[in-house]
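Peer 1: sequence and predicted structure below; questions after.
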Amino acid sequence: MRYTVVLEPQEEGGFTVQCVEIPGAISQGETREEALANIKEAIELVLEVQWEEVRRQASTVRHEISKIDVADVA
């Protein structure tokens, strides 16, 4: 999957970076490359936590989890 991230140089050096599509996926790094590697890890962790929350909710209530394909509308 691909996500949009915003890199912001900091006055004191380094970068902060956040994912546009995933609130809470925020990180930083001393270099652009380090910041991008760190946000990738942050995105993975946030998605893992979200998935575990879905699984926990599904186990307490009768839900079915499924995946669907949606065609591009454009």
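Peer 2: Nice, I can see it.
Peer 1: C-alpha only now, for contacts and for neighbours.
Peer 2: Will do.
Peer 1: tell me the spacing between residue 68 and residue 39.
Peer 2: Note on residue 68: its distance to residue 39, by Cα to Cα, to the nearest Å, is 27 Å.
Peer 1: with neighbour numbers in mind, choose between the two.
Peer 2: Between residue 68 and residue 39, residue 39 has the larger neighbour count (other Cα atoms under 10 Å), namely 23 against 5.
Peer 1: helices along this structure, start to end?
Peer 2: Per DSSP state H, the chain carries helices over the ranges 32-60.
Peer 1: dead centre of it: give me the residue that sits there.
Peer 2: Central residue of the chain (Cα atoms, centre = their mean): residue 43, 2.9 Å from the mean position.
Peer 1: my read: that residue touches residue 23, true?
Peer 2: No: Residue 43 is beyond contact range of residue 23, at 9.4 Å (criterion: Cα atoms under 8 Å).
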